[in-house]
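Novice: sequence below, structure please.
(chains A and B)
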Amino acid sequence: MIPLSWYMTLSVLLFSIGVYGFLVRRNIIILFLCIELMLNAVNLNLVAMGHYLDSLDGHVLTLFVITVAAAEAAIGLGLVIVLFRNRRSVHVDTINELKG
Amino acid sequence: MFAKFIFIYCALLILGSGVAAVQLRNPVHSVLSVLVLFFHMAILYLLLNAEFLAAIQIIVYGGGVLVLYLFVIFLVSLRTEIKINRFVTNQLPAAVLAFLLCVILLAVLPAFQLGTKGNYTADHLSELTHTRAMGLEMFSNHLLSFEIAGVILLVAVIGGLVLARREKKSDQPEEPLTPSSHCEVEK
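Specialist: Predicted coordinates for the structure are as follows:
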């Protein structure tokens, strides 16, 4: 039997990798990919806790998170396409028109 | 014991492909390493007796979301992306922040205690099968969140259509996109 703390440790590490990638990369598409990594870390935590608590609430919530992630990918990538059409660039540090 | 080996293998591959997704230069390679990550996440779900979620993970994430990412990466300019710097100029605060977050979360982990147990024990689940149990749970106790998920998907469909639509100029007719003009746009 695998201890619950192993799953939670893996989840923490994966979440931190996602946070690091989100803060470091320039390409917006990779930023969305890092958000997916973080959501997957949360999903793993929810499913593991649902399993160890003999409850299905975490599993249902995971399904909900997957739905939100799919919707977020659709809307976010639509925004990226519009951005590329207008600015010819998808890098976060080139989008600085509001900077003083 | 065998399950522990599978867990360690999956954990190492998940962390490795996560780091690769963050570090790799070519966005297509990043997406493909995230695909590897999703497959191993599905194996972990199978280890946790959540076979319906493992299938959903592969179908929705591997089959749907990542294909969408690949399409968008090919739509935006991939050529320049490979040549230019892929990181922001000041990486140190990001590394410190992520490392501190990791350390703090790992430090508070041992304080976690399991709450009261539900009534879906492993025997009960294997008797019901996971898909049936999820259906029963979702359409009885979590009906509202299911409906909200439907509304969110509707919003995503409408939002995607509105965003991706090309605004037409009313006075000049839009000329068809020939291969040569498309190449000019690429440059």
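
Novice: distance of B:V155 relative to A:A74?
Specialist: Distance, B:V155 to A:A74, using C-beta to C-beta, to the nearest Å: 10 Å. C-beta: built from backbone N, CA, C; applies to glycine.

Novice: again, but for A:N96
Specialist: In terms of C-beta to C-beta, A:N96 sits 26 Å off from A:A74.

Novice: these two - which one has more neighbours?
Specialist: Neighbours per residue (other C-beta atoms under 10 Å in any protein chain shown) separate A:N96 from A:A74, with A:A74 holding more: 22 against 8.

Novice: am I right that the more buried one is in a helix?
Specialist: Yes: counting by DSSP: H, G, I helix; E, B strand; the rest coil, A:A74 is located in a helix.

Novice: check what pLDDT it gets.
Specialist: At A:A74, the model reports a pLDDT of 91.

Novice: that one contacts B:L161, correct?
Specialist: No: between A:A74 and B:L161 there is no contact under C-beta atoms under 8 Å: 9.8 Å.

Novice: which helix or strand contains A:V82?
Specialist: Element membership for A:V82, per DSSP states H and E: helix A:57-87.

Novice: now do A:N45 against chain B, distance only.
Specialist: As judged by C-beta to the nearest C-beta, to the nearest Å, A:N45 and chain B stand 10 Å apart.

Novice: backbone dihedrals for the nearest residue to A:I2 once chain neighbours are set aside, both of them.
Specialist: Excluding the flanking residues, the one nearest A:I2 by C-beta to C-beta, 6 or more residues apart in numbering or on different chains is B:F7, at 5.1 Å. Taking degrees, to the nearest 10, you get phi -60, psi -40 for the backbone angles of B:F7.

Novice: and A:S55, by the same measure?
Specialist: Note on A:S55: backbone dihedrals following degrees, to the nearest 10 are phi -130, psi 150.

Novice: any idea how far the nearest residue to it once chain neighbours are set aside is from A:D57?
Specialist: Counting by C-beta to C-beta, 6+ apart, the nearest residue to A:S55 once its immediate chain neighbours are dropped is B:G118, at 3.2 Å. Distance of B:G118 to A:D57, computed by C-beta to C-beta: 7 Å.

Novice: any idea which helix or strand of chain A has the worst average confidence?
Specialist: Least confident element among the helices and strands of chain A, by mean pLDDT, DSSP states H and E: helix A:57-87 (a mean of 91).

Novice: that helix - contacts with which helices or strands?
Specialist: Using 3 or more C-beta pairs under 8 Å, 6 or more residues apart in numbering or on different chains; DSSP states H and E as the contact test, the elements touching helix A:57-87 are helix A:28-52, helix B:51-56, helix B:66-75, helix B:130-138, helix B:143-164.

Novice: deepest in the core, which of these is it.
Specialist: Across the helices and strands packed on helix A:57-87, averaging neighbours per residue (mean count of other C-beta atoms under 10 Å in any protein chain shown) puts helix A:28-52 on top, at a mean of 22.

Novice: just want the angle from it to helix A:57-87.
Specialist: For helix A:28-52 against helix A:57-87, the angle by axes from the mean of the first three to the mean of the last three C-alpha atoms, to 10 degrees is 180 degrees.

Novice: elements contacting helix A:28-52?
Specialist: Packed next to helix A:28-52, using 3+ C-beta pairs under 8 Å, 6+ apart, are helix A:4-24, helix A:57-87, helix B:2-23, helix B:27-47, helix B:66-75.

Novice: low-confidence ranges in chain B?
Specialist: B:168-187 (pLDDT under 70).

Novice: any idea how far A:N45 lies from B:E137?
Specialist: 19 Å.

Novice: so what's the most centrally placed residue in chain A up against?
Specialist: Centroid check for chain A by C-alpha atoms, centre = their mean gives A:I35 as the closest residue, at 2.2 Å. Taking C-beta atoms under 8 Å, 6 or more residues apart in numbering or on different chains as the contact definition, A:I35 lies against A:18, A:22, A:69, A:72.

Novice: now rank these by neighbours and give me the top one.
Specialist: A:G18 (25 neighbours).
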